[in-house]
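K.L.:
quick one, what's the 3D model for this:
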Amino acid sequence: MTLQLVPLEIPSDWTVVWNHFFEINPDDFHDESYPYEMELHEDIFYFRNEKKGLILDLGWYPSMSPEGTYTLYLVKIGDEETGPEYWDNPILKYRSRNINEITNKIHKIFDKVAND
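P.N.:
This next block holds a predicted model:
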């Protein structure tokens, strides 16, 4: 079976650096027998909006762990040498195991950024 990406309506001012946000059900992830364990890692997607100076990042934390959650970060783009402080103080950090909740939050962020 081929995994499908979660359908996202990504506005044109966002650049998709990578996207591995697949339609899977993390509620079934209880141990290493889960067939999609490898899809739940820290680097699920990374989008940049140069115009607004923002990064939208999605990962699974802790990586490949049944105790993990999707974690969505919205951060300011900063100097690559001083970048970690931006990650330590995100504009938004949102967690959920529910793929629909994460998808809805992503679309709300896109809408809010577009209207700011």
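K.L.:
what residue lies at the spatial centre of the protein?
P.N.:
The centroid of the chain falls nearest to Leu58 when counting by CA atoms, centre = their mean (1.6 Å).
K.L.:
residues contacting it?
P.N.:
Listed by CB atoms under 8 Å, 6 or more residues apart in numbering, the contact partners of Leu58 are 21, 44-46, 70-73, 102, 106. Bear in mind the C-beta positions are built from the backbone N, C-alpha and C, glycine included.
K.L.:
setting aside sequence neighbours, what's the nearest residue to Val17?
P.N.:
Leaving aside its sequence neighbours, Val17 sits nearest to Tyr46 (CB to CB, 6 or more residues apart in numbering; 4.3 Å).
K.L.:
checking the one you found next. Helix, strand or coil?
P.N.:
With DSSP: H, G, I helix; E, B strand; the rest coil as the basis, Tyr46 sits in strand.
K.L.:
state the number of residues packed around it.
P.N.:
Residues near Tyr46, counting by other CB atoms under 10 Å, number 17.
K.L.:
what distance do you get for it to Asp57?
P.N.:
Look at Tyr46 and Asp57: by CB to CB, to the nearest Å, they are 5 Å apart.
K.L.:
what does Asp31 give?
P.N.:
Counting by CB to CB - Asp31 and Asp57 are separated by 27 Å.
K.L.:
the helix or strand encompassing Asp57: how far from the chain's middle?
P.N.:
Taking DSSP states H and E as the criterion, Asp57 maps to strand 54-61. Strand 54-61 sits 4 Å away from the centroid of its parent chain (CA atoms, centre = their mean, to the nearest Å).
K.L.:
packing partners for the helix or strand just after that strand?
P.N.:
Counting by DSSP H and E, the next helix or strand C-terminal to strand 54-61 is strand 69-76. Contact analysis of strand 69-76 by 3 or more CB pairs under 8 Å, 6 or more residues apart in numbering; DSSP states H and E lists strand 54-61, helix 84-88, strand 92-96, helix 99-115 as its packing neighbours.
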